[in-house]
Structure formats: C-alpha cells, structure tokens
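Novice: Fold the following.
(one chain, ligands or ions: 1)
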Amino acid sequence: MPPQLMLRSLSIGISILSFTGIGCTQLRDFETQSQDPPANSQTTSSPATEAPTRGPDVVYVPTPPAVVNEMLRLADVKSTDLVYDLGSGDGRIPIAAARDRGARAIGIDIDPERIREANENAQKAGVSDRVTFRQQDLFETDFSNATVVALYLLPELNAKLRPRLLSELKPGTRIVSHEFDMGDWQPEQVVEVDGRTVYYWVVPENPPANLRQ
Ligand SMILES: C[S@@+](CC[C@H](N)C(=O)[O-])C[C@H]1O[C@@H](n2cnc3c(N)ncnc32)[C@H](O)[C@@H]1O
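Specialist: I've put the predicted structure just below:
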C-alpha cells in the first residue's frame, strides 16, 4: 500500500478508537497518579511527559532513514540550525539533525509514548544535550525560532499549518515535508527517494495573501 494511503487509513482507525473511548486509558492512569503521588515525589517537580490532551491528528509512521537523510540534505541542515520536527515520532529526524549535522533540534509530539521513546533514542545516540522533545500539540506550539522545519503529517494538516508557517517563521526558514505538499504553495524542489517524495520550500519575504489563509 502506498505510504500516504497507509497513513490515512491508520489515522481513520485511531480516530474511531479514540472516539469510542479506548484511547482514554492513559488519561485515566495519569489522573489516578495525580491523586496519589509516590512517596518520593516532590510537589514542585513536573512530569517529563503528561497525559495527551487529545488524540493525534495522524498516527505514527516513521520516515525511513534514507528519506530522513534526504530531508536534511535538501534543507542543507548545518550546525548553526535549529530544526523543529512537528510530530516527531521516535525522534529520528531531530536526532539525525544533531548526530549527523551538528544542529540543535526540537521534536514536538502529542503522544507521551513517542516522547519517552524519542528521549531514550536521543540518549542512546549521545545527542541529548542538543535535542529536546516536548509533548505538545503542534498546532499550539511556538516554533517561530526554527531555521528548519520538518513535517510528515497529512495534506490537510500541512494546509492547516501553512498560514502559521508563512506568518510566524522568519523569511529564509527552510521547510521539508515527507510525502505531502502545501497545496497552492509551490515547492522550490521535489525529490524522489526510495519511492517517497520530499518537498522543499523557503519562507519568502512577503508571502502572497492567498497562501497565508
Ligand atoms: C507520520 S508520524 C511522523 C513521525 C516522524 N516525524 C517521522 O517522520 O518519522 C506523525 C507523528 O505526529 C504525531 N502527531 C499527530 N498529531 C499531532 C499533534 N496535533 N501534535 C503533535 N504531534 C502530533 C503523531 O503522534 C506521530 O508521532
């Protein structure tokens, strides 16, 4: 099955599970823990990850390593960059940006399990000093200090994000997206790698009004 169809059908399945309440287990667990903290807990400390406020907009499907490399190459990621991966999964894009290109990187994911996994992976890769993972909704996150943004979401999520990318990112910020385009915003480059498509844009000085909505 093509990756975009796999991502979409998995997302629909997860939405149904969340809707029927199956996705509430973690929330209930968190509420129980909050009411009854362990004896050695400090009231001032905050948990590394928290219960998700809502379900993900797209399920976790990892980008293959060759595609990760191509995304970083296309965006010309360097040690001076701050890379954001909006929906960072197991952290492979931020980790590769730090490990292979010396960049600083921030991964945002709404799923606490992914954040735990990504932190473990960053530690194993020895890049925890340059990579941070935040459990947040990417639509609520301030990513305005990014110099590079990586995406592997869905076409409608890219479209929803587009006005913010164009109005909040500095001109010259590079954006790469695995598999999905940005509607009317034409990419500067499109590259095929191992049957996957990678799109590349640069935020312009004065984005046309039709792209900012
Ligand atoms: C297709 S995966 C991509 C993972 C990673 N970027 C990669 O390319 O390997 C999409 C990720 O986005 C996360 N996600 C979905 N909706 C989100 C939201 N509203 N805010 C933050 N993360 C979200 C999912 O939990 C999942 O890990």
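
Novice: Could you look up the next helix or strand downstream of the helix-or-strand element of the chain with minimal mean pLDDT?
Specialist: Scoring the helices and strands of the chain by mean pLDDT, DSSP states H and E places helix 25-35 at the bottom, with a mean of 28. Per DSSP states H and E, the first helix or strand lying C-terminal to helix 25-35 is helix 65-74.

Novice: Give the buried residues for that following helix.
Specialist: 67, 68, 70, 71, 72, 73, 74 (16 or more other C-beta atoms under 10 Å). Where C-beta positions appear, they are placed from N, C-alpha and C, glycine not excepted.

Novice: okay but residue 65 is in contact with residue 92, surely?
Specialist: Yes. Residue 65 lies in contact with residue 92 (C-beta atoms under 8 Å); the separation is 7.4 Å.

Novice: Show me where this structure has its helices.
Specialist: Remark: helices assigned in the chain by DSSP state H are 3-19, 25-35, 65-74, 92-101, 112-125, 155-168.

Novice: what's next to the last one, contact-wise?
Specialist: Outside helix 155-168, the residues that touch it by C-beta atoms under 8 Å, 6 or more residues apart in numbering are 57-58, 86, 138-139, 142-144, 149, 151, 153, 175, 177, 180-183, 185, 203-204, 207, 211-213.

Novice: and the closest residue to residue 188 other than its chain neighbours, bridged to which residues?
Specialist: Closest residue in space to residue 188, ignoring its immediate chain neighbours: residue 200 at 5.4 Å, by C-beta to C-beta, 6 or more residues apart in numbering. When bridges are called by DSSP bridges, residue 200 pairs up with residue 176, residue 189.
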